[in-house]
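Visitor: Quick one, structure for this:
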Amino acid sequence: MISTAPHQTVAARMNRLPPTPFFTRLVARVSTGAVFELYELFLTGYVAVALVTSHLFTTASLAYFVSAGFAGMFIGTNLFGRLSDQFGRRTAYTYAMLLYSLGTLLVAFAPSAPWIVAFRALAGVGIGAQLVVIDTYVSEMTPATRRGYYIALSQFIGFCAVPVVAFLSYLLVPTHFLMDGWRWVMIIGALAAVAVWIIRAGLPESPRWYETHGHLEEADRLMRRIEETVQREYGRPLPPVPEHIQVPEKPGTFAELWTPQYRARTWMLIVFQLFQTLGYYGFASWVPTLLVSEGVTVVHSLLYTFIIALANPFGPILGMITGDKVERKWMIVAVALGLAATGLIFASMRVPVWIVVFGIIFTLLNNWFSALFHSYQSELYPTRIRSTGVGFTYGWSRFSAIFTSFVIVWLLHTGGVGAVFAGIAGAMVIVAVIIGTLGPRTNRRPLEEIAN
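Guide: Got it, this is the predicted structure:
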């Protein structure tokens, strides 16, 4: 039987829990949403090749297709980030998933380029919320000592979608059974997302959110269930609850992001997100098209990128291994610099085997970087504004991505693939500098301590 004193907060009770299979199961269920955000993000690169070769878009106008998705995501991260803080984590990502499914299905049947762009933006509104709410949820629902591991685990599950979408694209994009093959790739994603929505319907709300919003009985009842399950799996009495951590009784507001306590972090994350996008999505969304521009055939481009895509889930595994052992801010700095160097090498490769080898290395570093910064960004604000803060600052990566597509097209036309990767390298150096100089330490610290 779990007993708690009236003054013991959810944060204090959660942070002292040992890691058990309960948390792995919880993270696995909520992370199914990440599967479809990453399916959607990475299908962009594979579908883009087909859109150009089918003459629906030119290489230049393709930027509108890519940008439309990110424009929708910019709206979605901000909208659902705030809705998550106001109405709950579970409610926000449930309705976001339904919106994604509808938008993607409409893209699959869109008759022309303007309709494809419009429905792509609608799908982006829904899909843009998933990683924001998942990062917030996982950071609040797992013990402080293993927070980095569990965020990386959610990324690992999400990135398992990338080899799947790459393989489906390799099989389906060149085909024309009833309709163009790229449309089947989108239909599969939309219909599978509906099934996953049903699977995730029974997830519990965050007890930290309940407590912050004054629902103390619900928070205590849920925490007791969690503690009983963890103690049963742990096999011995739970560690004692540490000293009380004060939790504000009223919800936060967007304006709190700009108070002296959090203003510097907000600006730091905005600059970080503006530049990391060029490094991350510049490769992920454009590498098949970049290879075609270098004379590689569409089929071989899709084959190379499928082989490279097989490495995607392994990057977050590196995050699972290192996330709680090495200070996250310094790991972000090191991996960002590694991406800068690897991108420049990849740009000079012409032999297929080396294209694949350095593409795999870049992909491993890219997704290791993703696992690290998704954990980091979810730690810098208190519960009352966590999802709002993450959604608003992460939204700037989506805003940046709108223009990243046009920047890459311009670099490709003026300086070739080498210029594209020089731009990527410069962006990652800026990322390393901003986190290294302004980022606080977060490893193994309670969320409430980091936020104060």
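Visitor: does residue 397 belong to a helix or a strand, and which?
Guide: Assessed by DSSP states H and E, residue 397 sits inside helix 386-438.
Visitor: list the helices and strands that helix packs on?
Guide: helix 62-87, helix 130-141, helix 263-284, helix 287-293, helix 328-347, helix 352-377 (3 or more C-beta pairs under 8 Å, 6 or more residues apart in numbering; DSSP states H and E). C-beta coordinates here come from the backbone N, C-alpha and C atoms, glycine included.
Visitor: Please export the C-alpha coordinates of the fifth one as PDB.
Guide: Included here for helix 328-347 are C-alpha records, laid out as PDB according to Å, rounded to 0.1, in the frame of the first residue of the first chain:
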ATOM      1  CA  ARG A 328      23.200  17.000 -22.800                       C
ATOM      2  CA  LYS A 329      24.200  20.600 -23.700                       C
ATOM      3  CA  TRP A 330      27.800  19.500 -24.400                       C
ATOM      4  CA  MET A 331      26.600  16.400 -26.300                       C
ATOM      5  CA  ILE A 332      24.400  18.700 -28.500                       C
ATOM      6  CA  VAL A 333      27.500  20.900 -29.200                       C
ATOM      7  CA  ALA A 334      29.700  17.900 -30.100                       C
ATOM      8  CA  VAL A 335      27.200  16.200 -32.400                       C
ATOM      9  CA  ALA A 336      26.300  19.500 -34.200                       C
ATOM     10  CA  LEU A 337      30.000  20.000 -35.000                       C
ATOM     11  CA  GLY A 338      30.200  16.400 -36.200                       C
ATOM     12  CA  LEU A 339      27.200  17.000 -38.500                       C
ATOM     13  CA  ALA A 340      28.900  20.100 -40.000                       C
ATOM     14  CA  ALA A 341      32.100  18.100 -40.800                       C
ATOM     15  CA  THR A 342      30.300  15.000 -42.100                       C
ATOM     16  CA  GLY A 343      28.000  17.000 -44.400                       C
ATOM     17  CA  LEU A 344      30.900  18.600 -46.100                       C
ATOM     18  CA  ILE A 345      32.500  15.200 -46.700                       C
ATOM     19  CA  PHE A 346      29.200  13.800 -48.000                       C
ATOM     20  CA  ALA A 347      28.900  16.600 -50.600                       C
END
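Visitor: which helices and strands sit right next to it?
Guide: Counting contacts by 3+ C-beta pairs under 8 Å, 6+ apart, helix 328-347 is packed against helix 263-284, helix 352-377, helix 386-438.
Visitor: quick check: angle from the helix holding residue 397 to helix 328-347?
Guide: If you take axes from the mean of the first three to the mean of the last three C-alpha atoms, to 10 degrees, helix 386-438 sits at 80 degrees to helix 328-347.
Visitor: so how far is helix 386-438 from its chain's centroid?
Guide: Averaged C-alpha coordinates place helix 386-438 at 15 Å from its chain's average position (C-alpha atoms, centre = their mean, to the nearest Å).
Visitor: Which SSE is immediately downstream of that helix?
Guide: helix 447-451.
Visitor: how about that next one: buried residues?
Guide: 447, 448, 450, 451 (16 or more other C-beta atoms under 10 Å).
Visitor: hang on, isn't residue 372 packed against residue 319?
Guide: Yes. Using C-beta atoms under 8 Å, residue 372 is in contact with residue 319, at 5.6 Å.
Visitor: Which neighbours do these two have in common?
Guide: Common contacts of residue 372 and residue 319, defined by C-beta atoms under 8 Å, 6 or more residues apart in numbering, comprise 148, 152.
Visitor: Between those two, which has more neighbouring residues?
Guide: With neighbours defined as other C-beta atoms under 10 Å, residue 372 and residue 319 compare such that residue 372 has more, 31 against 28.
Visitor: Point out where the stretch 51-200 of the chain drops to low pLDDT.
Guide: The stretch 51-200 of the chain contains residues with pLDDT under 70 at 59, 195-200.
Visitor: can you give me the helices in it?
Guide: In the stretch 51-200 of the chain, the segments counted as helices under DSSP state H, counting those that start in this stretch are 62-87, 89-108, 113-127, 130-141, 147-159, 161-172, 181-199.
Visitor: now the angle from the first one to helix 89-108?
Guide: Between the direction of helix 62-87 and that of helix 89-108, the angle (the same axes, to 10 degrees) works out to 160 degrees.
Visitor: and the closest residue in space to residue 96 that isn't next to it in sequence, how many neighbours?
Guide: Of all residues not flanking residue 96 in the chain, residue 129 sits nearest, at 3.7 Å (C-beta to C-beta, 6 or more residues apart in numbering). Applying other C-beta under 10 Å, we find 31 residues neighbouring residue 129.
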